[in-house]
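Colleague: Fold the following.
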Amino acid sequence: MTISFTLQEFGIFLVLLGMFIAGIYAIITLSNFNKVVSGINKRIVDNEKNIQDTIDNVTSSMKNINEISSSLYMNKDLLDVQIPGTINNIYSLSTTLKHTSEKVDDSVDMVNASLMETASTVQENTEDILSYVRIVSEGLRIFLEMFSKKQ
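Modeller: Below is the predicted model of the structure:
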């Protein structure tokens with residue numbers, strides 16, 4: 001017993017086989033997609049209160065942003081006047097601080113120089129006093145030696 005197929009029948013068989021495999025793949029894919037959608041749906045249902053709170057927060061935030069932008073728009077003329085003045089005040093304050101710090105630095109340098117000069121003077125005076133003490137002690141030693149030799 002021999003079975004023979006024509007090329008047309010073989011082609012139809014291959015097309016049907018391909019459609020069968022594609023159908024199985026589509027069923028598996030749709031099943032997985034259904035599981036994913038079910039998981040997402042479950043999470044949405046579980047977190048519905050949190051989602052609603054988030055939506056409410058976004059809504060109130062948008063209202064606040066709208067109020068702020070409206071307020072800024074209404075006060076833009078006032079801000080146009082005050083911002084440059086504030087910047088100028090900050091600049092003058094920083095300039096004053098810079099000059100004050102330079103004066104403090106100069107004062108510290110003067111105090112340092114004065115202290116160094118005072119320390120140098122004290123050292124010289126101490127050396128002079130020590131020299132006088134040595135001279136006096138040498139004179140006393142000579143004087144004592146003279147009297148001790150006479151006796």
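Colleague: What helix or strand is Leu115 located in?
Modeller: helix 76-150 (DSSP states H and E).
Colleague: Where in this structure is the helix or strand with the lowest mean pLDDT?
Modeller: One helix or strand of the chain scores below all others by mean pLDDT, DSSP states H and E: helix 76-150, with a mean of 79.
Colleague: Packing partners of that one?
Modeller: The contact analysis (3 or more C-beta pairs under 8 Å, 6 or more residues apart in numbering; DSSP states H and E) places helix 76-150 against no helix or strand. Any C-beta I mention is one placed from the backbone N, CA and C, and that applies to glycine too.
Colleague: so how far is that helix from its chain's centroid?
Modeller: From the chain centre to the centre of helix 76-150 is a distance of 40 Å (C-alpha atoms, centre = their mean, to the nearest Å).
Colleague: Stretch 13-31 now?
Modeller: 58 Å.
Colleague: Give me the contact list for that stretch.
Modeller: Here stretch 13-31 makes contact (C-beta atoms under 8 Å, 6 or more residues apart in numbering) with Phe5.
Colleague: Please work out the average pLDDT along that stretch.
Modeller: Per-residue pLDDT over stretch 13-31 has a mean of 94.
Colleague: Dump that stretch to CSV, keeping only the CA atoms.
Modeller: C-alpha atoms of stretch 13-31 as CSV (Å, rounded to 0.1, in the frame of the first residue of the first chain):
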residue,chain,number,x,y,z
PHE,A,13,-0.6,20.3,4.6
LEU,A,14,2.4,22.5,5.5
VAL,A,15,0.2,25.6,5.6
LEU,A,16,-2.3,23.9,7.8
LEU,A,17,0.5,22.6,10.0
GLY,A,18,1.9,26.1,10.3
MET,A,19,-1.5,27.5,11.1
PHE,A,20,-1.9,24.8,13.8
ILE,A,21,1.5,25.6,15.4
ALA,A,22,0.7,29.4,15.1
GLY,A,23,-2.7,28.7,16.7
ILE,A,24,-1.1,26.8,19.6
TYR,A,25,1.5,29.6,20.1
ALA,A,26,-1.3,32.2,20.0
ILE,A,27,-3.3,30.3,22.6
ILE,A,28,-0.2,30.0,24.9
THR,A,29,0.6,33.7,24.3
LEU,A,30,-3.0,34.8,25.0
SER,A,31,-3.1,32.6,28.1
